[in-house]
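Chemist: Got a sequence here, can you build the structure:
(one chain, ligands or ions: 1)
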Amino acid sequence: MSELNKIALQIISNGKGILAADESNGTMTKRLEAVNVKSTPENRLSFRETLFSSEGMKDYIGGVILYDETINQTSSSGKSIPDLISSTGVVTGIKVDTGAKDLANSPEEKITEGLDGLRDRLKQYYSLGARFTKWRGVYSISEKYPTKLAISSNAHALARYSALVQESGMVPIVEPEVLMDGNHSANICLNVTSEVIRKCFEELIIHKVDLSGIILKPNMILSGNLSKDKISKEEVSLKTLECLKNSVPKEVPGIAFLSGGQSEVEATENLNLININNNTNFIMTYSYGRALQQSALKVWSKNIKEKEAAQNTFNHRAKMCTLAAQGKWAIELENK
Ligand code: 5MM
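Modeler: So this is what the prediction gives:
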């Protein structure tokens, strides 16, 4: 077993999942202002530290993805944030892309940037304690999109990123996110997501990436948020499994889904069904941002000095997701 494979398994085994707390300052500002909290470095740290010092970390969370600001911050106890995270047995991760920008010659689409100087930034993040990283490519669906150009340029960037990350001794999370915005059907989402993921692996293989030392972070197969053609959760799970079974090479140890705008319970229920119906050898777990943090953020915003209520809310959500990652979740458990 390679070192990278060991790290990947440490993050996602035994029902553990990933807390995606890597919102850039722009996104975090939107999240905080929505609950009437001013977005300052201190408040961003305070919310994140509240989560990272929760009881649920050691039982349910295998890895936390940080943003550059957070990995350089110091907790109220004087420990660095990576030290606080590793003291709970959780692996520190870092978002290393620098965001999605307009794609030249198809400006309504996005290309994720951040490759220039990446090798040096990775060395720095490793020395700060990071052992895995994240890069997100983003694709939208419409009659014209995604274009071949967006599919191949983002796959190429994800592969170059992954090769550099493995060279630096860390596990890359490969996140191709097909957005749920639009009125497309679930079958269109299935076709587009399959094409996007296949192209990513084509490029990862060309770039000689060790597939046993990555984690794939895809979207689930859903109909667009404006589509009238909704499918059942059972169908979501079956179509998601069909997509992954047919497009992900067997060497990949695991898949950690993004929540992509689903509600907390919806993302949990879908993950649970994916695990109940799992007919692959892949570990299927979560790497949720909003679906792990939304309720905790609301509770925290009521009194940002009082951490316990927000921590209880986060612990519950993480526990539900971990049960779902083992196919052991049930709706009745939500109210216990
Ligand atoms: C946490 O949010 C990440 C996006 O940050 P920026 O857009 O500010 O760069 C995002 O990549 C996230 O990690 C994944 O999309 C999963 O989050 P959700 O909320 O979709 O589960």
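Chemist: C-alpha only now, for contacts and for neighbours.
Modeler: OK.
Chemist: Can you name the next helix or strand after the helix or strand harbouring residue 138?
Modeler: Applying DSSP states H and E as the criterion places residue 138 in strand 132-139. Where DSSP H and E defines the elements, the next helix or strand beyond strand 132-139 is helix 148-167.
Chemist: Contacts for that following helix, please.
Modeler: 4, 103, 106, 109-113, 115, 118-119, 122, 133, 135-139, 171-174, 196, 199-201, 203-204, 207-210, 213-214 (C-alpha atoms under 8 Å, 6 or more residues apart in numbering).
Chemist: Can I have the buried ones of these as a ChimeraX selection?
Modeler: Burial among those is assessed by 16 or more other C-alpha atoms under 10 Å; the matching ChimeraX selection reads:
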select :4,103,109,110,111,112,113,115,122,133,135,136,137,138,139,171,172,173,174,196,199,200,201,203,204,207,209,210,213,214
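Chemist: so of the contacts of helix 148-167, which ones are in helices?
Modeler: 4, 118-119, 122, 196, 199-201, 203-204 (DSSP state H).
Chemist: what does this structure have sitting close to the ligand?
Modeler: 20-24, 27, 99, 136, 258-261, 288-291 (C-alpha under 6 Å from any ligand atom).
Chemist: Hey, what's the angle from the strand holding residue 138 to helix 148-167? Just curious.
Modeler: Computed by axes from the mean of the first three to the mean of the last three C-alpha atoms, to 10 degrees, the angle separating strand 132-139 from helix 148-167 equals 180 degrees.
Chemist: how about the CA coordinates for strand 132-139, as CSV?
Modeler: Presented in CSV, the C-alpha positions along strand 132-139 are these (Å, rounded to 0.1, in the frame of the first residue of the first chain):
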residue,chain,number,x,y,z
PHE,A,132,-4.2,16.5,1.3
THR,A,133,-5.4,19.2,-1.1
LYS,A,134,-8.4,20.2,-3.1
TRP,A,135,-9.0,21.7,-6.6
ARG,A,136,-12.5,22.2,-8.0
GLY,A,137,-13.4,22.4,-11.7
VAL,A,138,-16.9,23.7,-12.3
TYR,A,139,-19.2,23.0,-15.2
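Chemist: packing partners for it?
Modeler: Using 3 or more C-alpha pairs under 8 Å, 6 or more residues apart in numbering; DSSP states H and E, the elements in contact with strand 132-139 are strand 91-95, strand 106-112, helix 148-167, strand 171-178.
Chemist: Torsion angles phi and psi at residue 186?
Modeler: Main-chain torsions, residue 186, degrees, to the nearest 10: phi -60, psi -30.
Chemist: Pull up the per-residue confidence for it.
Modeler: For residue 186, the pLDDT comes out at 98.
Chemist: who touches it in this structure?
Modeler: 221-224, 230-231.
Chemist: let's see it at 6 Å
Modeler: Residue 186 makes contact with 222-223 under the criterion C-alpha atoms under 6 Å, 6 or more residues apart in numbering.
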